[in-house]
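K.L.:
The following block contains a protein sequence and its predicted model.
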Amino acid sequence: MSVTYLEAIREAQAKLLREDDRVFIYGQDIAGKFGGAFKATKGLAEQFPGRVLNTPISEDAMVGTAIGAAMEGMRPIVEMQFADFSSIALNQILNNAGTQYWRTQTPCPITVRLPSGGTKGSGPFHSQSMEGIYSHYPGLVVLTPATVEDAYTMLIDAVAIDDPVIYCEHKYLYYHLKADALPTEKLPIGKARIVRPGRDLSIVTNSAMVHEALAVAQQFSADGVEIEVVDLRSVKPLDTDTVLASVARTGRLLCVGEAFPWGGVTAEVIARVATEGFHLLDAAPARINAKDTPIPYHPNLWSEHRPNAKTIAAKVRQVLSE
Amino acid sequence: MLQTAERGASTSKNGPHEKYLEAFRIMLQTRIFEEKLASLYRGGLITGGVYIGRGQEAVSVACGIFLQEGDVFAPLIRDQAGRSAFGEPLVDVARTYLGSRSGPMRGRDGNIHRGCPKTGQLAMISHLGAMVSVVVGKLLAKRMKGEKGFVGLTTIGEGGMQTGATHEGMNIAAVERVPLVMVATNNHYAYSTPNDRQFACADLVDRAKGYGYEGSSVDGTDLAQCLEVIGAAVQRARAGRPPQLVVASTLRLAGHGEHDDASYVSDDIRREPFAQDSLQLAEQLILEQELMDREALQQMRAELAAEVDEAVATAQQEDTPVGSEEDWCAVATRSLVDQPALAE
Ligand SMILES: Cc1ncc(C[n+]2csc(CCOP(=O)(O)OP(=O)(O)O)c2C)c(N)n1
């Protein structure tokens, strides 16, 4: 038996619906036999009548409704059809959900699932990685699971958290990642994971880029260069301690992110290491992101737009040579 | 004024609405209170803006007065009367405007952005239309939890009605068939913009049909009509009818906020029937129909002024928030604070 990343998300939701009456799922095309654009809720509407609800194409109102329900004691999960469309709900997420607890002391435990990141042929409006935007605003927890195990446990944890959670699930990982079984153990939210230990350089990354980084680390290992790969898991809060500890071991830092290059997660990690761990660095910290253009449609362009094993390896060489 | 008597009588053949005097008292209290706020603002004693509902008190009071425990109310910037009718303590309003740390917002948010979700009064965010779907969510959750007999009421202006959020929120309410009452006040200006640059339909109430709502129109200057029409809409929603849209017509009898002299409001529009002051008309009706005499009115005014002064004095004596005692923590889950050092 094996479980894909997508199945883990579905199983986590099934468990949540089974065990917690307060949970319902709200999104476009998620109910009935159809079960969502990616089938993340397939079968759930039949199994849990009245709790997996199709919505009109109204991202703002979907999130607004979830906010109201959460304030009333429910634990709604909103499925965005694609992360990119959550831009329509940005106002509700940032200004309503993100400020609610601070302003009124009323918790707003919504979970917004964002099918994120690029896949071939998806183009400018079905490929975005938006964790940086959401993390910029106060009052939100932002998660980017990179493994089947994390996809499962972090979604269950997300719903239990009393705050609004942006859960960024990577579409490329939906079918590509498989585990033998659902996990029985978990790391807490807010902890990064060292997915590969090393001594020569730290790659700090998240989501699908964890796997690109691992491939690069594998290559370099053959030449005796040991790269440590840190999977942030949670972008906000960001586990600065684990990152600093890794840089303390390796003295070199490369941050890799699939999002656009201006600001964002990679910039934040570098800012923290530079301000809190400058003395740990033997070389200038580096980062690599997608290019500063909309995300291209054609696979030839798309594979060059985002960081890939080749461009990451080139950056690694540069940092090692300093 | 004969016209007033006719207006009042035509909508309430068996004498004025049973809540007429109660509503009038709240309107008058609101007027006195908002005039006080405006004068505090002019005196430099209020930080941030002051937005008042002058002229709109009849519509607003009718929005709050029919709501009960378990209902949801999402007021906006011209709804002091409705908030008071819903049960918001005056002292909490004063506290919010004067930045008392004892107020419901504790200095974290100010003026009209106040609320107390646990009593059912939501704290608006500025973005117009954003509260509509939040009310829908509250109502949906109440239904899921098995509660019965509740309604939600939210207000909007003719300007706020043109946002995408309002459209999405109104539509999803009908799709979910929740007991929502939406009271839109067309006060003919959205900040400085007149209606012809806000919408091009003949009458906003026509939208009710498009959304699957039941629609009604009301003369917002006439308290008796407001109570009757909005009261009936609340009752219909409570009884399980589709969402209700009530469109009221008034003129904003103040600036957009107290910083604004409203010099752009044309003289012609000030002569329109909808430009009359609902409070003045109600007072005239009360005297004409001898519901109260001048002396009793005068006494009511004095009592209300004392209540207002007391609320303001209380808030003025209270401590203001202190940065060093603020916890600077926006999440409910302490263990998930990012960079805890920054919160110190
Ligand atoms: C989405 C949004 N855009 C702009 C504003 C700024 N703003 C606040 S009140 C207002 C005018 C609102 O007019 P209307 O909805 O007709 O209500 P009224 O002030 O007349 O009661 C504007 C433009 C806002 N609050 N929200």
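P.N.:
Thanks, I have it. Numbers count the residues shown, from 1 in each chain, chains lettered A, B, ... in the order given.
K.L.:
Quick check: the residue of the stretch 201-322 of chain A nearest chain B.
P.N.:
Residue nearest to chain B within the stretch 201-322 of chain A: residue A:237 (3.8 Å; C-beta to the nearest C-beta). All C-beta atoms are positioned from the backbone trio N, CA, C, and that covers glycine.
K.L.:
and that residue, how many neighbours does it have?
P.N.:
Residue A:237 has 21 neighbouring residues, counting by other C-beta atoms under 10 Å in any protein chain shown.
K.L.:
Retrieve the pLDDT associated with it.
P.N.:
Residue A:237 carries a pLDDT value of 98.
K.L.:
what's the closest non-adjacent residue to it?
P.N.:
With sequence-adjacent residues excluded and distances taken as C-beta to C-beta, 6 or more residues apart in numbering or on different chains, residue A:237 is closest to residue B:338, at 3.8 Å.
K.L.:
how about low-confidence regions in the stretch 51-200 of chain A?
P.N.:
Applying pLDDT under 70 to the stretch 51-200 of chain A flags no residue at all.
K.L.:
just the strands in the stretch 51-200 of chain A please.
P.N.:
Assigned by DSSP state E, counting those that start in this stretch, the strands in the stretch 51-200 of chain A fall at A:52-54, A:75-79, A:111-116, A:141-143, A:165-170, A:178-179, A:193-196.
K.L.:
hang on, the earlier thing: which of the three states applies to the residue nearest to residue A:237?
P.N.:
Recorded secondary structure, residue B:338: coil (DSSP: H, G, I helix; E, B strand; the rest coil).
K.L.:
Contact partners for it?
P.N.:
Listed by C-beta atoms under 8 Å, 6 or more residues apart in numbering or on different chains, the contact set of residue B:338 reads A:236, A:237, A:238.
K.L.:
For the residue of the stretch 1-150 of chain A found nearest chain B, which residues are in contact?
P.N.:
Closest to chain B within the stretch 1-150 of chain A is residue A:68: 2.3 Å, counting by C-beta to the nearest C-beta. By C-beta under 8 Å, 6+ apart, the residues touching residue A:68 are B:133, B:134, B:135, B:136, B:137, B:138, B:139, B:140, B:141.
K.L.:
swap the cut-off to 10 Å and go again
P.N.:
Contacts here follow C-beta atoms under 10 Å, 6 or more residues apart in numbering or on different chains; on that basis residue A:68 touches A:74, A:76, A:96, A:108, A:110, B:72, B:74, B:117, B:122, B:131-142, B:152, B:178.
K.L.:
In strands only, show me those.
P.N.:
Counting by DSSP state E, those place A:76, B:72, B:74, B:152 in strands.
K.L.:
bridging residues for the nearest residue to residue B:159 once chain neighbours are set aside?
P.N.:
Distance criterion C-beta to C-beta, 6+ apart; nearest residue to residue B:159, sequence neighbours excluded, is residue B:190 at 2.4 Å. For residue B:190, the beta-bridge assignment (DSSP bridges) gives partners residue B:193.
K.L.:
Burial check on residue B:190, number of neighbours?
P.N.:
Neighbours of residue B:190 under the rule other C-beta under 10 Å: 21.
K.L.:
now the stretch of helix or strand residue B:311 belongs to: mean pLDDT?
P.N.:
Under the criterion of DSSP states H and E, residue B:311 resides in helix B:294-317. What helix B:294-317 shows for mean pLDDT is 98.
K.L.:
okay, residue B:341: pLDDT?
P.N.:
82.
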